[in-house]
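> okay, sequence plus prediction incoming.
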Amino acid sequence: METPLTGNIRPDREPPSLKEYEKSGGYRALARVVSGLAPAEVTAIVKDSTLMGRGGAGFPTGLKWSFVPMGVDAPPGPRYLVANADEMEPGTFKDRVLMEGDPHQLVEGMIISAYAIQATTAFIFLRADYDLAEKRLKRAVAEAYEAGYLGKNIMRSAYSLEMYVHVSAGRYICGEETALLNSLEGKRAIPRARPPFPQVSGLFGKPTVVDNVETLCNVPHILANGAEWYKSLSLTAIGGTKMYGVSGRVNRPGWWELPMGTTVREIVEVHAGGMRPGYALRGLLPGGASTDFLVEQHLDTPMDFTSIPKVGSRMGTGTMIILDGKTCPVAFVLNLLKFFAHESCGWCTPCREGLPWVARIVKAIEEGQGEARDLSVLEEHCVALAPGRTFCALAPGAVEPLQSALKYFREDFERHIKERGCPWRAA
Amino acid sequence: MLSDTERQEIDSEIRHAPAKSAVAIDALKIVQRERGWISGDAIKDIARHLEMTPDELDGVATFYNRIFRKPVGRHVIEVCDSISCWVMGSDSIKDILARRLGVGEGGTTPDGRFTLLPVDCLGACHRAPAAVVDGELHGELDEAKLDEMLGELRAKEP
Amino acid sequence: MPLEGRVTTIYIDNLPYGVKDGQNLLQASLTLGFNLPYFCWHPALHSVGACRQCAVKVFKDESDTRGRLAMGCMTPATEGTRLSIEDPEAKAFRAGVIEWLMLNHPHDCPICDEGGECHLQDMTVMSGHNYRRSRFRKRTHLNQNLGPFLNHEMNRCIQCYRCVRFYRDYSGGRDFNVFASHDSVYFGRYEDGALESPFSGNLVEVCPTGVFTDKPFKEHPTRKWDLQTAPSVCTGCSLGCNIIVAERYGEVRRVLNRYNADVNRYFLCDRGRYGFDFVNSQRRLRLPLVDGRELVPEGSATQALSATEGGSPRPAPASSEAKGAVVRRAVARARDILHGSRRAIGIGSPRASVESNYALRSLVGPDNFCDGMTSGEHRLVGMMKDIVASGPVRSLSLAEVERADVVLVLGEDVVNTAPLLDLALRQAVRTRPEAVAEQLLRIPLWDDRAKREATQGKQGPLFVATPYPVSIDDIAVKSYRLSPDDIARLAQAVAYAIDPEGIAPLVGAADPLHVVAETIGGSLGLAARPLVIAGASLGSEAILRAAANVATALAKAGKKDAGLFLVAPEANSMGSALLGGMSLDEALEAVRTGGADTVVVVENDLTSRLKEASFRALFDSTKHSIVLDFFRNRTTELAEIVLPVATFAESSGTFVNNEGRAQRFFEVVNPDEIVSASWKWLGLLSGRGTGEEIAWDTLDDIIARISEDLPALAAIGSAAPGARDVPQVHRVPRDSHRVSGRTANVASLTVHEPPPPRDLDTPLSYSMEGSPRGRIPSSLIARIWAPRWNSVQALTRFQEEVGGPLKGGDPGALLFGPASDRTRAYFDGVPEAFAPDPRRPLAVAIRHVFGSEPLSALSRSVSERIPSRYVGITPDAARSLAVADGERVEVTVRDLRMELPVRIMAGLAEGLCALPEGLPDMPYVGLPAPAGILKRTAP
Ligand SMILES: Cc1cc2nc3c(=O)[nH]c(=O)nc-3n(C[C@H](O)[C@H](O)[C@H](O)COP(=O)(O)O)c2cc1C
Ligand code: SF4
Ligand code: FES
């Protein structure tokens, strides 16, 4: 089984230095690109590879790049590539692994991607608290500069690129790509409306592409080995491997790079070693805190962008959170809602006001203060905070676990209300 | 007044920014790293340096939760309370720390040594429950590990 | 291809409507008269999609039955767009938005100043949210003290972000912001303190609920429906912004914006909004004075001058007969004087209405009429009138200023001389970058945030040449600091750059100003709508001439849409110039040597225009003096007879603004039978015979006289309908139809129901009956209200389209014909280069938005913002004088000696010093003039 993304990663050891990275084949894709491929060719290869964004939404990466106006359509001035390394979705820890474990892979992926859109400047937008990743990325960037992979006339080509690591000051909304751009501009991280899309009017009003870290890490391998190879890594029509992860009460919580389309069951039972003794699996969030619960009956679903939606959830980030039988589902959902309510940017009404209300209702239920009509208010919110009604995707994501919890764990909510308390606490 | 180091670092950020105000967040972080937190005076000093008004800078500063507008202790202990850590018992980790330090969530010990803060998912879910102490990640926490960690911190600064 | 302009068909709830292409669905729906609620959208601030209140259902096509919810304000109206406002899902969502907004709203409507005119109330009712379902505690905030103008009550905030968007994005204020995040966002200042922006008062109208309310108004809170209101025109500067004045119990309580698509549109400055309070001043005259003694109506002697609480002193009630007797006595005395005098000189005022000035002119005869301006002001204003009336370039409206694409400002410190011009220029500089964004990125002009994110604060070309730093430096591509003469020379060089054939270069063709002028000229040459701004404030005719030359050069270069904007000194300067008359200096001369023995002064405190010595000499050398004024002041002190006159709030008349637009103001306070308009008093005095006959009785009469007499002013009649033009039943009511009852109108005096006052001068009535809302001519709009729309947001119901002209056309009458008929050639006369003399710097005037205008300076709230006097000097001068900021120096200008604190002004042009003109504690100096500055030696 090939693991291109994580092949170099040695947990608990220093990441490969530039020399080591080069020895493992690093920067060879870049050499090929800058010496012989036109930007449009790079984009075409990435398009062919079927690479889809790993930040959660699964948008085809090459297609996104192709929206950047090039040639005669291109406005004058700088253009930007941004690596979205904000990774604040609760339950998600894949980008940290990639950045701490093989920082040069991200740097190379970014240079190639930047080349494809002819960006002049690239930023790594790194979340606060990733101190180790920050240290390692900054070192990798410095090494890349020194080796001529960054800066003026990269590898003696006509292409030049500056790269900076920007460390965020917190707030989950910074991961939303347009809020991220405002934050990079030194402003409050409020999402922007689309259109215009960032590819046209992005950072500082200039064409900008924002890609997730894992997405970008795939790029050198695609350019090194070709689109066909990349597609062959996957068990599905969408190419590549995927960083999967599991947290919660399983025997071996962790991450694995596996072929795209590996089933949920295999990930949980084989790689994570199944549930810990004494704990049953009640449900799981397949791809971070803003995805709908899946339950036992869904375990054989392949974890990919097309199969998971068919069973009512989203692949999201591909890192699962397990709800076990000894954890109160109401309290579980409450934890998520408190997070989302607090992380609302405060711009649009439904999110700013709706989420705290929902969180307070769920808290009341959990504490035994629930009322019969509460559930209908919660249900209304699952509709009222749907996509299109809020300004960005934060609130719609926030109600995904709630709406599925109301479906799969409704009796738990009802028991809380009826028994005026939490059965798990009592137990 | 900004210190020379602070000013130099901020200026080097300004050098690759299209406008001074674009480095607002970097500047806040630089000063916070030096001083632990961002006081009202710091807001005014940084704002002046960036040709912003205090109103403009504080609008940014108060948006972000990793900019501390209140003083914190010399050691900041941030306990993840997001979902995976919560499932794995972050509540009891917070309780233990609160008892050991004698302060509640968000509190600072009277000697100004420790501040206990909750923090959003640290991306260490597979090592839950987790915390960051002075920038360093600690995973698979339990009572024994916490005591060891506190001991080390106390030893560093008797 | 411009997105706006073409008409497309959209379908609302399955019915077709024609709307302008490129609008958004909310704009279109409101224009069509639909009730679609909204909060964050504002017709001048446009769309940001934050509140989610304007949700509608949008369908892909006819066969789409499911549709999807979309925000009306963020969805363009394109051909065939199908939407539903009535869709149940959309309605439920909109009700839900209100429910969310109400979660934390304090529901304190009964004690909230906004109650009854609150957009949040209206939208709540409109959306159909009724019952509170949340059982949780509300979040609360601390409020701030934001200074004398605004009250702050953050708990009422619904986070629509309008306030920050107006204060920062639209008007360029920087001491206000949004703080924190999620459901604890806070709108205010970094710390307590007066809001610095002179446009802050607009938050009262911009905020859809009661967060920002009018602080002076709060001293006597009154519901909108209990205020008597009338359309009026601001007296604060020469721009003539349209206002609605509100009265209760004989006092003016507040001023609100009155929309005029050509003038102020949605906003006012704080001088205009809060300056009205001079009307209620303690110094108001309410009774005639003869030889310094009040004529007290019989029966009220003992209670004369009992002051209403905090307001102005008023005589106690007296019978109509007693009051009539007082008037007759005063008039008789004045007539005796006039009949007995050899020659009477009438001194008018550029602040008084056309009618009052005309009445004076007709009383004393055109040859004895003085316009009340110093000779300098007289010449400047006369020249402005000539430039505007005969030059080949049109004088622009404020609304047109907003659309200018390249601007050259010559000498004017606009925020302090014509505040709303500052606001208009802040919009003008955005037009070009936004047009580019629209074209390249297809960002519709209403998509406010996308526009700003794409343009990143980029600004179109604005060039500023002033003696000292000015507010608009922050939006200028380049500011030049020059002496008045050099500003004129720069302008002349710009004209030369545009038309080297027609204009001579500066003496010394190598003058460095030519280099600067090349840039400016080049930029103006590329403009589609270039604009030149100048004015009277530096007292320089040379600047006006050169500004006119730049405009003429642009016209010659084929710029059909080139424009001029000349800032005049006072609210009716242009009207005075059109009346003609001598200057104040000539009037002095007429008294001294021309045999005049009587002066009649109208609404002009001469100490603000004459040096002390001349002022004394005037009164010493005339035998008789009759003064008509609102206040006790130094001029009334010296007068033999003083007649108490009505302010703009208690009388009606016409002002001509700087553009040449005649605009009518209407009385809102019923004057008592003694205080009346100057033109009315003068009408009584004009009756030449011995009997009671008077020259004119009503406003209609005097306007008819003016039109006959003076062709240049003939059009003022069409500024608004006259009383005679509107039948009694269609009079416009000053009372709302919801007024608490006629007995309440005068409850301060009596709880009986006296008959409403009669008003023969205007087409308005003192009652709640009258013309139905839909039939009111735009110049008579006395209140903004429509069914279901109790707040000022009801304005869309008065407009032909959102943001467009008022139904039936905007009020006012332009007195100057089209520019194409005019042929004035270039002016000659370029001053020599300014030679700085470090020992005798040239003192130039500097103005302050709060303080330099004498009427508004008497307003209690405004007075808190008035700086005290000072002298501004250059850092170099400070160094050579060895003085620090705030240290006192002795300043000698002409023969005046003053001890003033120093203000070191970085950026003040070399060889100049600056003296604040018009501040209450500053005597008349007569600037510009060379000054001597000495460091004060320790006493
Ligand atoms: C509230 C919110 C938070 C997000 N956080 C992240 C994040 O932390 N990291 C990330 O890569 N994408 C995040 N996204 C998705 C980004 O908006 C964007 O789609 C992504 O960075 C695009 O990269 P991709 O195409 O490579 O997936 C977030 C989206 C939303 C709505
Ligand atoms: S303060 Fe007023 S204007 Fe500003 S957001 Fe709140 S309600 Fe809107
Ligand atoms: S008015 Fe449309 S979202 Fe606020």
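Yes, it's here. Note that this is a predicted model, so its numbers are computed, not measured. Ligands and ions are numbered 1, 2, ... in the order given.
> contact partners for whatever residue of the stretch 201-350 of chain C ends up closest to chain A?
The nearest approach of the stretch 201-350 of chain C to chain A comes at residue C:208, 12.7 Å away (Cβ to the nearest Cβ). (Each C-beta comes from the backbone N, C-alpha and C, glycine too.) Shown in contact with residue C:208 (Cβ atoms under 8 Å, 6 or more residues apart in numbering or on different chains): C:39, C:118-120, C:123, C:158, C:160, C:162, C:791, C:793.
> among the residues you listed, which one is most surrounded by other residues?
residue C:123 (29 neighbours; other Cβ atoms under 10 Å in any protein chain shown).
> quick one: that residue and residue C:41 touch, right?
No - taking contacts as Cβ atoms under 8 Å, residue C:123 lies outside contact range of residue C:41: 11.6 Å.
> count of residues packed around residue C:13?
13.
> ok, now residue A:353?
Residue A:353: 26 neighbours (other Cβ under 10 Å).
> what helix or strand is the closest residue to it other than its chain neighbours on?
In space, and not counting its chain neighbours, residue A:353 is closest to residue C:100: 3.6 Å by Cβ to Cβ, 6 or more residues apart in numbering or on different chains. Secondary structure from DSSP states H and E places residue C:100 in helix C:88-104.
> counting neighbours, which bits of that helix end up buried?
C:90-91, C:93-104 (16 or more other Cβ atoms under 10 Å in any protein chain shown).
> is any part of stretch A:178-188 close to ligand 1?
No - figure legend: stretch A:178-188 not in contact with ligand 1 (Cβ under 6 Å from any ligand atom); closest approach 7.3 Å.
> that stretch close to ligand 2?
No - counting by Cβ under 6 Å from any ligand atom, ligand 2 has no neighbours in stretch A:178-188; the shortest distance is 14.0 Å.
> from the chain's centre, how far out does that stretch sit?
Averaging C-alpha positions (Cα atoms, centre = their mean, to the nearest Å) puts stretch A:178-188 18 Å from its chain's average.
> report the buried residues of that stretch.
Per 16+ other Cβ under 10 Å, stretch A:178-188 contains these buried residues: A:178-188.
> what segments of the stretch 801-939 of chain C are strands?
Using DSSP state E, counting those that start in this stretch, the strands of the stretch 801-939 of chain C run over C:813-814, C:842-846, C:871-873, C:888-893, C:896-904, C:912-916, C:929-935.
> hmm, residue A:191 is touching residue A:176, no?
Yes - judged on Cβ under 8 Å, residue A:191 makes contact with residue A:176 at a distance of 5.0 Å.
> mutual contacts of the two, please.
Common neighbours of residue A:191 and residue A:176 (Cβ under 8 Å, 6+ apart) are A:392, A:394.
> higher neighbour count, these two?
residue A:176 (27 against 22).
> residues contacting the residue in the stretch 301-427 of chain A that chain C sits nearest to?
Across the stretch 301-427 of chain A, no residue is closer to chain C than residue A:353, which sits at 3.6 Å (Cβ to the nearest Cβ). Contacts for residue A:353 (Cβ under 8 Å, 6+ apart) come out as C:100-101, C:103-104, C:183.
> show the backbone phi and psi for the residue of the stretch 251-400 of chain A found nearest ligand 2.
Closest approach between the stretch 251-400 of chain A and ligand 2, counting by Cβ to the nearest ligand atom: residue A:346, at 10.3 Å. Dihedral pair for residue A:346: phi 90, psi 10, per degrees, to the nearest 10.
> picking up where we left off before, between which two of the contacts of residue A:353 is the distance greatest?
Greatest spacing in these, by Cβ to Cβ: C:101 and C:183 (11.1 Å).
> just give the closest residue to residue B:30, not the sequence neighbours.
Nearest to residue B:30 is residue B:9, by Cβ to Cβ, 6+ apart, at 4.8 Å.
> tell me how many other residues surround the one you found.
Neighbour tally, residue B:9, other Cβ under 10 Å: 20.
> got it, and the one 3 residues further on?
Burial measure for residue B:12: 12 neighbouring residues, criterion other Cβ under 10 Å.
> then residue C:300?
20.
> was I right about it contacting residue C:325?
No - in this structure, residue C:300 is not within contact of residue C:325 by Cβ under 8 Å, at 11.8 Å.
> got the residues of the stretch 51-200 of chain A near chain C?
Residues of the stretch 51-200 of chain A lying close to chain C (Cβ under 8 Å from any Cβ of the partner chain) are A:75, A:171, A:182, A:188, A:192-193, A:195-196, A:200.
> and the residue in chain B sticking out farthest from the centre, what does it touch?
In chain B, the greatest distance from the average C-alpha position (Cα atoms, centre = their mean) is reached by residue B:18, at 27.8 Å. With contact taken as Cβ under 8 Å, 6+ apart, residue B:18 is in contact with A:204, C:456.
> from residue A:303, how far off is it?
Residue B:18 is 41 Å from residue A:303, where distance means Cβ to Cβ, to the nearest Å.
> and stretch C:746-754, how far from the chain's centre?
The answer for stretch C:746-754 is 34 Å, by Cα atoms, centre = their mean.
> may I have that stretch as CSV, with CA atoms only?
In CSV, the C-alpha atoms belonging to stretch C:746-754 read as follows (Å, rounded to 0.1, in the frame of the first residue of the first chain):
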residue,chain,number,x,y,z
VAL,C,746,-50.3,73.7,24.0
ALA,C,747,-50.5,71.7,27.3
SER,C,748,-47.6,73.8,28.5
LEU,C,749,-50.0,76.8,28.5
THR,C,750,-53.5,75.5,28.8
VAL,C,751,-55.4,72.3,28.7
HIS,C,752,-58.3,73.8,26.9
GLU,C,753,-58.6,73.5,23.2
PRO,C,754,-57.8,76.8,21.6
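> domains of the chain?
I'll assume chain A. Here the domain parsing of chain A from automatic domain parsing is A:18-232, A:241-324, A:329-426.
> hmm, I had chain C in mind actually
If you go by automatic domain parsing, chain C breaks into C:7-101, C:379-568, C:842-935.
> okay, those domains, which one's buried deepest?
Comparing the domains of chain C by mean neighbour count (mean count of other Cβ atoms under 10 Å in any protein chain shown), domain C:379-568 ranks first with a mean of 23.
> any part of it near chain A?
Yes - residues of domain C:379-568 contacting chain A under Cβ under 8 Å from any Cβ: C:437, C:440-443, C:447, C:449-450, C:453-456.
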